[in-house]
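In: sequence and predicted structure below; questions after.
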Amino acid sequence: MDNAQDKSKLKFGLVGRDISYSFSRGYFADKFDRENLPYSYVNFDLQSIGELKVIIKNTSNLKGLNVTIPYKEQVMPLLDKLNKEAEKIGAVNTIRFTKSGKLIGYNTDFYGFKNSLEPHLKSHHKKALILGTGGASKAIAYALKKLNIQFDFVSRSHKKGVTFLYSDLTENTISDYTIIINCTPIGTFPKVNDCPDIPYSALTENHIMYDLIYNPEQTKFLKHGFQRGATTINGLEMLRLQAEKSWEIWFNNKLNI
C-alpha cells in the first residue's frame, strides 16, 4: 500500500449491529472531505461477530476498523494481538491492520472518556457509579482507575463485580457518589423518554452526570441532573476524542496508548 494508487483505495469502517445512526461514519466522512483525503468509511452491520472474517476477506485495502455495541468483547478472540491497554480493559473498539495482514486490537474509549471528564473534576469528586456492565463500562472503569476515582458498578442482575442492583440505590447512595455515568443504551433515540431507574431527587450541584449517549444531545438522564444543578456531559466529546485517537493508531504503527 505504499504507492499513491493503493493509498487512494484505503478503507475504514465500523463493526456493530443496528448502526445506521452511527457517529463514526459521519465523523470520518466529514474528516476525509475537510482534509481532501481519498478514503472511504463504511458501516459493517453484522448479525454476529462471526461474519467479520468474511467481511475482512472480501474487502480490499482495509486499513482500520472501529468496533461498537455489541462486539467490543466478542471481537477479541478474532484478533492476532492486543495492545496492553485493551488487554487490561478487556474490550476493543479499534482494530489496526498491519502490512502483513495481522489484526491488532486497541481501546480508545478510555482515552476519550478520561480526557472529556477530567476538566470537570473537583476535589469532592472521589466516587463514581457506573451504570451498566458492557464493553464500554470496562473502559470507563479503567479511566477512573487512572484518575484515582473509586467506582462501583450498578446492574439489573447479580454478577461478578457488581456492587449494586438498581433496586439497592437510595438517596444516601446517590449523595455519596458524586459522579454517575450511564453506560447503558437506555434513553437512546428514539426511546428518549426512558432513563436509568435511580433516585434522581438526591442529585445536587456537586454531581457530575455523564451519559455515553449522544443522540439525543440531552437525554432524560442528563435532564434530571441539569434540573438539579449538576454538571452534565454527553458522549459527543468522548466520541470525537476516541475517533481521533483511532486515526492516530491506524497511521502510527509505533503508537502505544
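Out: In hand now; what should we look at? Keep in mind the model is a prediction, meaning the values are calculated, not measured.

In: so Tyr106 makes contact with Ile249?
Out: Yes - judged on Cβ atoms under 8 Å, Tyr106 makes contact with Ile249 at a distance of 5.4 Å. All C-beta spots, glycine's among them, are computed from the backbone N, C-alpha and C.

In: who has more neighbours, the two?
Out: Tyr106 (30 against 20; other Cβ atoms under 10 Å).

In: what packs against whichever helix in the chain runs longest?
Out: Longest helix in the chain, counting residues (DSSP state H): helix 236-251. Judged by 3 or more Cβ pairs under 8 Å, 6 or more residues apart in numbering; DSSP states H and E, helix 236-251 is in contact with helix 23-34, strand 62-67, strand 94-97, helix 109-117.

In: can you pull the buried residues of it?
Out: Glu237, Met238, Leu239, Leu241, Gln242, Ala243, Lys245, Ser246, Trp247, Ile249, Trp250 (16 or more other Cβ atoms under 10 Å).

In: least confident secondary structure element in the protein?
Out: In the chain, the helix or strand scored least confidently by mean pLDDT, DSSP states H and E is helix 4-7, which has a mean of 46.

In: C-terminal to that one, what's the next element?
Out: Next helix or strand after helix 4-7 toward the C-terminus (DSSP states H and E): strand 11-16.

In: residues making contact with that following strand?
Out: Identification of contacts with strand 11-16 by Cβ atoms under 8 Å, 6 or more residues apart in numbering yields 22, 24-25, 28, 39-46, 49, 52, 55, 59-71, 75, 95, 250.

In: do that again at 6 Å, thanks
Out: With contact meaning Cβ atoms under 6 Å, 6 or more residues apart in numbering, strand 11-16 is reached by 22, 24, 40-44, 61-69, 71.

In: great, nothing more from me.
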